[in-house]
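Student: From the sequence below, what's the structure:
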Amino acid sequence: MTEIDASKVSWQDQYKLMVGTVTPRPIALVTTLGPDGPNAAPFSFFNAVGSDPAMLMFSVGDRSGKAKDTVRNIRETPEFVVHIVNDAIKDKMNVCAVDYPYGVNELEKAGFTAVPSRKVRVPRIAEAPVSLECRLMQIVELGRKPYHVVFGEVVYFHYHDGIVNDRYHVDVGAVNPVGRLAGKGGYCRVTDRFEMPRIPLEGAPATE
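Tutor: Numbering: from 1, shown residues only. Coordinates of the predicted model:
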């Protein structure tokens with residue numbers, strides 16, 4: 001068994017352990033709006049938080065000691081749109097990950113189509129299979145880097161045709177999402193799925 005004391009390794013090595021262990025991770029392609037216009041950037045420290053109300057979070061580390069455009073913009077305009085990345089838009093998403101200087105419109109660089117949102121001022125990406133309009137709930141500063149953990153309430157859902165049925169069940173195969181793995185270029189597709197129903201208490205192994 002390999003055992004590692006987190007206090008004895010650098011943050012860079014802890015990062016490698018975290019992204020290699022917590023995997024696959026969903027990717028949030030986040031659009032924001034700042035004084036110089038819209039911004040788009042992907043984040044894989046991302047997940048759902050709850051459903052009453054619908055809430056999600058993503059975590060943003062500083063770059064060169066300064067907050068990234070996404071955090072700066074959300075502080076200026078406390079709204080954002082989270083897009084689920086699928087196989088069809090993965091290459092354009094990758095363009096949005098380039099460390100462009102502040103004020104560059106990544107949507108234009110990637111060739112995305114920006115369209116108006118319904119309830120927030122931030123534009124959404126037409127090509128994304130799922131777009132979640134969010135209003136900022138809270139930004140929590142954690143760690144030494146630091147990390148800005150952004151919590152948002154989902155106020156409007158957008159899905160391409162054929163993804164959601166009339167019972168609000170989402171067809172993950174129709175979304176065709178990609179996930180993030182470890183390494184500089186590690187990704188995965190959801191190509192092998194199975195069902196394992198939750199065991200009711202009466203069907204659970206007996207306790208002694």
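Student: Check this structure for its longest helix and report it.
Tutor: Counting residues, the longest helix found in the chain (DSSP state H) is helix 11-21.
Student: neighbouring contacts of that one?
Tutor: Residues from elsewhere that reach helix 11-21, judged by C-beta atoms under 8 Å, 6 or more residues apart in numbering: 4, 6, 9, 25, 44, 144-145, 180-182. The C-beta positions use only the backbone N, C-alpha and C, and glycine is treated the same way.
Student: Output the residues you listed as CSV; include the columns neighbour count.
Tutor: What follows is the contacts of helix 11-21, written out as CSV (neighbours: other C-beta atoms under 10 Å):
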residue, neighbour count
I4, 10
A6, 10
V9, 13
R25, 18
S44, 20
R144, 6
K145, 15
R180, 21
L181, 15
A182, 16
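Student: So which of those residues is the closest to D91?
Tutor: D91 has its nearest neighbour among the contacts of helix 11-21 in R180, at 14.7 Å by C-beta to C-beta.
Student: Report the separation between the closest one and A67.
Tutor: 22 Å (C-beta to C-beta, to the nearest Å).
Student: Equivalent analysis for G34, please.
Tutor: Following C-beta to C-beta, the distance that separates G34 from A67 is 11 Å.
Student: ditto for K8
Tutor: With C-beta to C-beta as the criterion, K8 and A67 are 29 Å apart.
Student: again, but for D192
Tutor: Counting by C-beta to C-beta, the separation of D192 from A67 is 39 Å.
Student: Between those two, which has more neighbouring residues?
Tutor: Neighbour tally, D192 and A67, criterion other C-beta atoms under 10 Å: the higher count belongs to A67, 17 against 6.
Student: Just want the most central residue of this structure.
Tutor: Ranked by distance to the mean C-alpha position of the chain (C-alpha atoms, centre = their mean), the top residue is A28 at 2.1 Å.
Student: partner residues bridging it?
Tutor: On the basis of DSSP bridges, A28 is bridged to F43, I84.
Student: how about the strands in this structure?
Tutor: Secondary structure of the chain (DSSP state E): strands at 25-26, 28-34, 37-43, 46-51, 54-61, 79-84, 114-115, 124-125, 130-142, 147-159, 178-180, 187-189.
Student: so which of those comes closest to E202?
Tutor: That would be, of those and by C-beta to C-beta, strand 46-51, which comes in at 26.3 Å.
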